[in-house]
Structure formats: structure tokens, C-alpha cells
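**Student:** everything below, folded, please.
(one chain, ligands or ions: 1)
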Amino acid sequence: MKKIIGMAAAGAMLLALAGCASGADSSTGAGDAPAPEDLIVGFSQVGAESGWRAANTKDIQAAFEDAGIELKFSDAQQKQENQIKAIRSYIQQGVDVIAFSPVVESGWDTVLKEAKDADIPVVLTDRSVDSADTSLYVSFLGSDFVEEGKKAGNWATEEFADADAVKIIQLEGTTGSAPAIDRAEGFADVIGSDPKFEIVASQTGDFTRSGGKQVTEALLKSNPDVDLIYAHNDDMGLGAIEAIEAAGLKPGVDIKILTIDAVKDGMQALADGKINFIVECSPLLGKQLVDIVNKVVAGEEVETRIVTEETTFTQEEAIAALPDRQY
Ligand code: AHR
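**Tutor:** Reported below is the predicted structural model:
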């Protein structure tokens, strides 16, 4: 089994280097797909910091169970060193494929080279790495975070079209993580062209509700006249709501709130008028990840980048979507 996987991995990595699209068979053993029960996948998750993450974990575990593939799962508690340890342990155990959602973007080259040397293909899910050598992983499945930031910026531009000045507090995600970097960049790209928008404060809330609450409490003291809070995820926006209410103000009215994710709690707050707009980031990556794993081990081509399809929600759209919302 391991030999076939090694050949498949090498083939997939070559295809990744060439930036191939999926669909056609490669000459690396396509059709020799191993049985699901013979496969072991090691997955290193970021942590359990948000509703999004909980939904992502549940979806991935359910997809592998449905596919009959053994999934070794580890929670890194938002620490890169824990992920590196988990990946090394998966290499030692000789799993067939390693998948992980990197806590931060940088610092992965060494461990990814170790996986490559051991002929174990690596799939990135949700978040990417900044490694210059893209042959170190076979595919990256996840959202376009820059695009999400741009969608947030576009909403702000329309919402405040008639305003002369707009003061913004930005609640950043985990420092050094791809979504924090890219969502800030995409947002700045859009609002930066209009000098009436001013980000008066920008601090990390680490993608947690408690972080969003604490940072908002502190920042509201020095910026009581803020117009908009742009939170890099729903959980930090929900924490901001608590801080705004504790300050005797009305979230969504006295201070507008713009978030990313669209998990149920965020959507409920949007339906209730406490959040004003949400850019969706889908955590439902499980089935696509299983699909990539099956292709890689069968020696089939895989797309080197698979972008998740996402939308945005106004209050009316949240009210309509909530009854069927899966997460
Ligand atoms: O990487 C995706 C982000 O991580 C989600 O937007 C956030 O909620 C999570 O913690």
C-alpha cells in the first residue's frame, strides 16, 4: 500500500508543480484506488476557537466516517508547535495522507519537507502556508480570504455612502494567520481608496468571543465615537456585541458591526439587527477533502487550489437562511 501511495504522492506533487486541473487520469497508477478501509489520514486541526472551527471539525470527522476512512485527529489548541508535533507523529506512524489547517502562515518548510521525504502527500485545508516551494503540498482547499475582506469593504462602502467620515475598529484574527492577514488586506484594498474611512484601532481578538469582547471593551474607551466594528469572524463580533451593550450602547444601531463566517449564532445576531452584514466563510470542507484524498492515493490528478464557494448575508437573507442553516 505504502509503495502505491508513494508513487501517487510523487505523481500528485509533479502535477501540483505543473498546476494541473483535475479530471484526467495520470500515468501514476490511476485506477489502482486502495480500499477506504486500508487508508489512514492524519489531520491536525487549528483548535476549537470559534463556532466556525467546531463546525469544520464536525464536518471533516463526519465525512471521513461516512467514507469509511480512518481519520487520526489532533487539536493543536492554536499553537504551531503542537501542529508540527502532530505532523511529525503522523509521519512516524506512516499514515497515507496528512491534512492540516495551519494556525499561522509561516514556518512550515522543514516539517513539510520531512513529509515529502517520507512520501506522504500533504493537503492544506482552510488556511494556506507561505512556503515558496509549492511542491511541498498537493492541494490547498479553502476560502479566498482576500476576496472575503473585499466583500466586507464593498458593503462598508455602500452602507456609508452618504457619510463624511467613518471611524472603524478592526478586530483581527490570530496574528500571522492567513485569514487575519488576507481579510485585513482585502478590506484595506477597498476602503483605502476613500480617505473618509479611518481604521482608528486594529487589534487581535484571536478569533475568540472572549477576545473580541475584551479588545472591544478596551478600544471603546479610547474610541467612543466609532461608527463600525469590522470583526474578522462572527465570534469576535459576538464578543463585541456584549462589550457594546455593557457600555450602554445599541449594537447594530449606535455602532454597526460587520463580520465574516455566517455561523448560526452570527446569523441569529444578524437577524436580530445586532450585526449588520456577514460575509460567508464555509467550514463544510469534509467531503471535498475526502475526494482529494481518494484521488491522491489513486494516483489521479488533483487541483492544486480549490476555492470554496461562498456568499454574503443581509438581515433579510439571514432570516430566510436560518431555518436551514447547517452550522
Ligand atoms: O480559518 C478560518 C477562520 O478560523 C474562521 O473565519 C474563524 O472563525 C476561524 O477561527
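
**Student:** so where's the stretch 151-300 of the chain uncertain?
**Tutor:** For the stretch 151-300 of the chain, no stretch has pLDDT under 70.

**Student:** residues contacting the residue nearest to the spatial centre of the chain?
**Tutor:** By C-alpha atoms, centre = their mean, the chain has its centre lying nearest to residue 126, at 4.0 Å. Residues in contact with residue 126, defined by C-beta atoms under 8 Å, 6 or more residues apart in numbering, are 46, 56, 101, 141, 142, 143, 283, 285. Heads up, the C-betas are built off the backbone N, CA and C, glycines and all.

**Student:** okay, and which of these map to helices?
**Tutor:** Using DSSP state H, the subset of those located in helices is residue 56.

**Student:** quick one: which of the contacts of residue 126 is most hemmed in?
**Tutor:** Greatest neighbour count in the contacts of residue 126, by other C-beta atoms under 10 Å, goes to residue 46: 29 neighbours.

**Student:** could you pull out the helices for the stretch 51-200 of the chain?
**Tutor:** Secondary structure of the stretch 51-200 of the chain (DSSP state H, counting those that start in this stretch): helices at 51-67, 80-93, 109-117, 145-159, 178-191.

**Student:** what's next to the shortest one, contact-wise?
**Tutor:** For helix 109-117, contacts defined as C-beta under 8 Å, 6+ apart pick out 13, 84, 87-88, 91, 98, 121-122, 129, 131, 133, 135-137.

**Student:** coming back round to it: adding distance to residue 272, write the helices of the stretch 51-200 of the chain out as TSV.
**Tutor:** Formatted as TSV, the helices of the stretch 51-200 of the chain follow (distance: least, C-beta to C-beta, whole Å):
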stretch	distance to residue 272
helix 51-67	16
helix 80-93	36
helix 109-117	44
helix 145-159	18
helix 178-191	24
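
**Student:** out of those, nearest to residue 266?
**Tutor:** The closest of the helices of the stretch 51-200 of the chain to residue 266 is helix 51-67. By C-beta to C-beta, the value is 7.4 Å.

**Student:** tilt between the closest one and helix 178-191?
**Tutor:** 120 degrees (axes from the mean of the first three to the mean of the last three C-alpha atoms, to 10 degrees).

**Student:** out of the helices of the stretch 51-200 of the chain, flag the one nearest the ligand.
**Tutor:** Of all the helices of the stretch 51-200 of the chain, it is helix 51-67 that lies closest to the ligand, at 3.4 Å by C-beta to the nearest ligand atom.

**Student:** let me see the domain layout of this protein.
**Tutor:** 11-143+283-310, 145-281 (automatic domain parsing).
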